[in-house]
Each structure stands twice: as structure tokens, then as C-alpha cells.
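**Student:** when you get a sec, could you give me coordinates for this:
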Amino acid sequence: MATRTTSGQPPPGYDPSQFPPFAVTVDVVILTMSEGALNVLLVRRGEAPFEGMWAIPGGFKRPAETLDGAAKRELAEETGVDAAPVLKQFRAYGDPGRDPRMDVVTVAYLAVLRDVGAIVAGSDAAAASLIPVSDVLNGQIDLAFDHLRILRDAVERIRVELEVSGIATAFVGSTFTMAELRAVYEAIWGVQLDAANFRRSIVAEDGWVIPTGRRARPGSAGGRPAELYRAGRAWKEGGPIHRAVRPEERK
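**Tutor:** Take a look at the predicted model:
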């Protein structure tokens, strides 16, 4: 049932005090690859509640702004990172007691960035940094609020997206080596992939990767530099490999 008339005014007799008040926040999960590991952008809270604990960047939506606008603003204010073009809503959380201040519903956003750029803590964040996702999921770092649940859901979303979309290419540059692409799957799925088999899966069919004719810069270990590729059109239709189901994941 509509609660406003076509003029934008509340209908006659409508009393908002009959309903309990609650706030709306946004939380932004930024994932990136760093040194072969999946990392998440976190902020250290500079005020209560959970002062001093790590948390996902975010905050309260202002009355005059949209959810998307709030997510872009909070991310920029707390970390200095601009992910506006790739931010996407992926879930909402509103369990009672998730925020000790009041009843708060948060809308979670997710973005994958190849390079987060300069990270500068601001607003109510005492610090901001990239943290290995494995450190959080393994319990080495505690997160404020229900942010561990939000991060877990975000990572699982990315794990699924690797199979059904071209999101793997968002973690690498416009050109990349086969090893860099393989590292994305290994880090997100938590597996070790055979390099030769992975390469065969990617190059077996036309459209996944296109050789550039160039090679990466020589590494410190020497040897012939790896060949550089760019993403083909096939990524728009899905992903080239699928995750093996572990025994503990079978029902």
C-alpha cells in the first residue's frame, strides 16, 4: 500500500510515529589482488562503538542522498578511494542487534578494483589499509559489527561470479600473464591449480584470451619473460573454468 500521494505528501491521517524508527547505512566491500593474495580494504574505527577495531568502510545514509551516493561518499571520505563506476549492491542486512546504537539496516556494496590507488584515512576512520582476506576469515583479525558475515558473503559472491561471469579479468590489468590470471582463481577459490592444465583450459577455445605479441618485464629470477595477453569477448558470456566441489562442501 502506498504511503504517499501523487503530490509527494503523506496521505491524510498517516502517523509515522506508529512505526519504530530505524537508520540506514551503507557498507562497501572493496576487493583487490596484492602480491598474489586476495585483499580487502578496511578501516580502523576511530570512535565508539567498536573503537579501534577494523571494519568495512561505510556509514549512515543522509536524508537527501541516494544509497549509491552514500556509498560513494563514505568510501571516499574514509579511504580516499574512488570506486564509483563499479560499485554494485549485493545484499542488505537488518538483523536485530547488529548495531548496538539502534536498529540499523545496512545495504552492502561490492567492487573489484585492479588498483585501489592511494589510500588515505579520513572522516571517522583512524586508519585505512588493505588486509589479506585470509587473515580475516581465519580469525586473525576481528571485524566490528556483523562485518565478518558481510565479507564472507561478498567473497562467496565473487567465488560464484568467477564461474558465471568475466569478473576474473577485473582483478588484472588490460594486459596480463597467464600466471597472474591463474593467481586470481587460486586466491579466491583457495586452491592450487596446475599451471599447464589452467593454460589449456584458457587457450583451448577462441575468445578467452588474445596474445598481444608482447612479454612482461623480466623478473628478478631471470628466465624468459612471460607472454602478455588481453581479455577476449568470451568473458562476456561466462568463465572458462569451474570450481571443484570439496568433500566438506557436499551435502
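**Student:** pull the CA atoms of the helix or strand harbouring Val105 into PDB?
**Tutor:** Here Val105, judged by DSSP states H and E, is contained in strand 104-112. The C-alpha trace of strand 104-112 is given here as PDB (Å, rounded to 0.1, in the frame of the first residue of the first chain):
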ATOM      1  CA  VAL A 104      20.100  -0.200  11.700                       C
ATOM      2  CA  VAL A 105      19.600  -1.700   8.300                       C
ATOM      3  CA  THR A 106      22.700  -1.700   6.100                       C
ATOM      4  CA  VAL A 107      22.900  -2.000   2.300                       C
ATOM      5  CA  ALA A 108      26.200  -3.700   1.300                       C
ATOM      6  CA  TYR A 109      28.100  -2.800  -1.900                       C
ATOM      7  CA  LEU A 110      30.800  -4.700  -3.600                       C
ATOM      8  CA  ALA A 111      33.500  -3.600  -6.100                       C
ATOM      9  CA  VAL A 112      36.600  -5.300  -7.600                       C
END
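**Student:** tell me the mean pLDDT for it?
**Tutor:** Averaging pLDDT along strand 104-112 gives 98.
**Student:** for the record, mean pLDDT for the helix ranked longest in the chain?
**Tutor:** Longest helix of the chain, by residue count under DSSP state H: helix 147-164. Averaged across helix 147-164, pLDDT comes to 97.
**Student:** again, but for stretch 90-98
**Tutor:** 97.
**Student:** kindly check the end-to-end length of it for me.
**Tutor:** Length of stretch 90-98, first residue to last, CA to CA, to the nearest Å: 18 Å.
**Student:** and that stretch, how far out from the chain middle?
**Tutor:** Centroid separation for stretch 90-98 versus its chain: 17 Å, with CA atoms, centre = their mean, to the nearest Å.
**Student:** many thanks, have a good one.
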